[in-house]
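K.L.:
the following comprises the amino acid sequence and a computationally predicted model.
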Amino acid sequence: LYGLGVINAASKRYDKAEEHLSEALKAKPDDVTTLRALANVARATGNLEKSLAHLVQARRIAPDAPGVLYDFGVTTLQMDLLLDALPAFEQLHRAHPRQPAYLYALAAVRWRKGETVETTRLMRHYVTLQPQDPSGFYLLGAALLRQDLFTEARAALQRSLSLKSDPDTEYLVGMSFEKEGNRAAAIETF
């Protein structure tokens with residue numbers, strides 16, 4: 001039943017996936033893997049509350065399991081429940097400080113909370129671990145820009161652009177020029 005659920009989920013047949021996974025959970029009510037799969041199906045269909053309910057149950061069974069904590073953090077972050085997401089990602093980062101996904105997620109929560117200095121610190125570490133990830137340089141540049149560190153912000157943003165073309169990144173480069181008072185460069189960038 002679990003296998004059928006996962007196969008259907010991978011094929012984006014979410015109704016069938018949920019049906020099979022629910023049956024599997026009835027057969028084995030404390031199975032964390034099935035709870036996570038159900039949570040992922042619910043999240044994929046936009047039902048974040050249902051996803052969170054499955055993850056809360058999974059956390060009761062396996063409170064320190066990295067996969068459960070990560071899924072819980074992602075879901076609560078999507079729901080803008082930052083005070084729930086933050087401790088999950090902090091716990092993951094403490095246990096696995098060199099895991100890029102956990103580091104980026106923690107930085108994303110800090111960013112959403114408006115903690116730009118901490119976001120910058122975390123993202124500096126992240127880009128050393130993931131030097132080919134444009135999203136890492138984008139978030140680093142955005143955090144630096146918010147602190148009015150224009151030259152550093154622009155360097156990070158331009159690194160992001162060198163890895164992947166993106167209009168949002170170009171916009172932030174233009175904003176860095178504008179905030180610095182270089183209107184000609186801002187206009188050219190925009």
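P.N.:
Nice, I can see it.

K.L.:
nearest residue to the middle of this structure?
P.N.:
In the chain, the C-alpha nearest the mean C-alpha coordinate belongs to residue 105, at 4.4 Å (Cα atoms, centre = their mean).

K.L.:
just checking, that residue touches residue 73?
P.N.:
Yes: the criterion here is Cβ atoms under 8 Å, and residue 105 meets it with residue 73 at 5.8 Å. For every residue, glycine as well, the C-beta is placed using N, CA and C.

K.L.:
mind listing the shared neighbours of the two?
P.N.:
85, 89, 92 (Cβ atoms under 8 Å, 6 or more residues apart in numbering).

K.L.:
who's in contact with the helix or strand containing residue 188?
P.N.:
If you go by DSSP states H and E, residue 188 is part of helix 183-189. With contacts defined as Cβ under 8 Å, 6+ apart, helix 183-189 is touched by 170, 173-175, 177-178.

K.L.:
can you give me how far that helix is from the chain middle?
P.N.:
Chain-centre distance of helix 183-189: 32 Å, with Cα atoms, centre = their mean, to the nearest Å.

K.L.:
can you point out the buried residues in it?
P.N.:
Using 16 or more other Cβ atoms under 10 Å as the test for burial, helix 183-189 gives 185-186, 189.

K.L.:
I'm done for today, thanks for sticking with me.
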